[in-house]
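J.: Requesting a structural model of the entry that follows:
(one chain, ligands or ions: 1)
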Amino acid sequence: MNSLAYCQEKAQASGSSFLAGFRFLPEEQKNAMTVLYAYCRELDDVVDDCSDINVARQTLIWWRQDLDKVFHQQQPEHPVNQALCDIVGKFGLPKDELEDIINGMEMDLHHVRYQTFADLQYYCYRVAGVVGRLIVRILGFSENQTLAYADKLGLALQLTNIIRDVGEDARNGRIYLPLDELAKFGVSEELILSYQSNQAFEKLMDFQVMRARETYRAAVALLPEADRKRQKVGLVMGGIYYALLEEIARDGSSNVLKYKIKIPNPRKLRIALKIWLLGFKP
Ligand SMILES: CC(C)=CCC/C(C)=C/CC/C(C)=C/COP(=O)(O)OP(=O)(O)O
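T.: Numbers count the residues shown, from 1 in each chain. As a prediction, the model looks like this:
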């Protein structure tokens with residue numbers, strides 16, 4: 001199997017919410033997005049499948065060394081890194097942004113709590129903001145402000161992901177919601193870790209949803225007119241996750257403790273098509 005085929009299989013197997021948007025792209029950009037997606041997925045798996053933190057840490061060190069080869073004209077060992085060799089030059093993907101994703105995964109190994117929203121934002125930048133930046137580079141941009149849009153949209157998506165996965169993360173002993181916000185709303189860590197919902201938790205979650213919604217609006221407002229057309233697939237990705245956020249709000253945001261809300265694939269495709277034709281207005 002060649003390295004691109006490996007990435008395509010990895011992306012397909014993930015069943016990710018985002019793949020629906022890729023089909024609108026020309027072959028070269030679609031392949032680059034698939035390689036980037038596979039890269040993120042592989043790194044994610046290192047942390048998700050981790051039963052021994054030392055093994056995971058060593059594996060991330062190995063990924064750093066293998067990524068280094070991509071930028072030093074050497075043959076990397078991992079098929080995803082081999083596939084990256086074909087796209088980093090073509091799309092001007094910087095090493096430090098690809099490395100930042102590894103840094104974000106490392107944070108996941110050590111940090112299971114964030115004190116403030118500023119702390120959480122730093123994590124979100126590394127696992128989602130830089131992904132947004134790399135996507136913006138693949139799709140093409142003419143104004144630097146488009147990078148600020150990428151940071152913001154990445155944050156909006158990651159906040160949505162955190163809201164959706166509160167229950168699943170709690171089962172793994174993780175709480176991403178900032179601890180000072182838990183305290184402000186009178187929600188204890190124990191309540192979340194025992195999947196108990198109460199009025200205080202409902203209010204906390206309503207606040208989280210409202211802030212995520214505002215983050216989507218702020219992101220779209222940052223995207224310069226000149227880059228809107230080229231960035232349409234990114235907006236489709238944002239729109240699919242925004243629909244997920246609205247679905248969580250409709251369902252009752254405190255239910256995130258009990259189950260994980262999903263949008264069925266046919267609906268994702270309808271949302272993608274609508275945004276492609278009419279634009280994304282959160
Ligand atoms: C400019 C721009 C497009 C910015 C956005 C950047 C971006 C795509 C960040 C990824 C954040 C995120 C929540 C990933 C989860 O992926 P997943 O495949 O695990 O999601 P799933 O579990 O919902 O399928």
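J.: May I have the helix or strand of the chain at the bottom of the mean pLDDT ranking exported as PDB, CA atoms only?
T.: Lowest on mean pLDDT, DSSP states H and E among the helices and strands of the chain sits helix 19-22, with a mean of 82. Extracted C-alpha coordinates of helix 19-22, given in PDB (Å, rounded to 0.1, in the frame of the first residue of the first chain):
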ATOM      1  CA  LEU A  19     -14.600  14.200   5.800                       C
ATOM      2  CA  ALA A  20     -18.000  15.300   4.300                       C
ATOM      3  CA  GLY A  21     -16.400  18.600   3.400                       C
ATOM      4  CA  PHE A  22     -13.300  17.100   1.600                       C
END
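J.: That one and the ligand in contact?
T.: No: using CB under 6 Å from any ligand atom, we find that helix 19-22 stays clear of the ligand, coming within 8.2 Å at best. For every residue, glycine as well, the C-beta is placed using N, CA and C.
J.: residues making contact with that helix?
T.: Helix 19-22 is contacted by residues 11-12, 30, 33-34, 37, 233-234, 236-237, 240, 265, 268-269, 271-272 when judged by CB atoms under 8 Å, 6 or more residues apart in numbering.
J.: which bits of the chain sit near the ligand?
T.: Counting by CB under 6 Å from any ligand atom, the residues of the chain that sit close to the ligand are 14, 16-18, 128, 131-132, 135-136, 150, 153-154, 157-158, 161, 234, 237-238.
J.: Can you flag which of these belong to helices?
T.: Among the residues of the chain next to the ligand, the ones falling in helices (DSSP state H) are 14, 131-132, 135-136, 150, 153-154, 157-158, 161, 234, 237-238.
J.: Give the buried residues for stretch 176-189.
T.: Buried positions in stretch 176-189, judged by neighbour count with 16 or more other CB atoms under 10 Å: Y176, L177, P178, L179, E181, L182, F185, V187.
J.: Tell me the backbone dihedrals of the last one, please.
T.: Dihedral pair for V187: phi -110, psi 130, per degrees, to the nearest 10.
J.: hey, where'd the helices end up in the stretch 1-150 of the chain?
T.: 3-14, 19-22, 27-48, 53-70, 79-85, 88-91, 95-110, 117-124, 130-139, 145-164 (DSSP state H, counting those that start in this stretch).
J.: isn't T116 right up against P178?
T.: Yes: under the criterion of CB atoms under 8 Å, T116 makes contact with P178 at 5.3 Å.
J.: Quick check: neighbours shared by those two?
T.: When contacts are counted by CB under 8 Å, 6+ apart, T116 and P178 have no shared neighbour.
J.: Relative to the ligand, how far out is the closest residue in space to R267 that isn't next to it in sequence?
T.: Among residues not flanking R267 along the chain, A243 sits closest, at 7.7 Å (CB to CB, 6 or more residues apart in numbering). To the ligand, A243 is 11 Å away according to CB to the nearest ligand atom, to the nearest Å.
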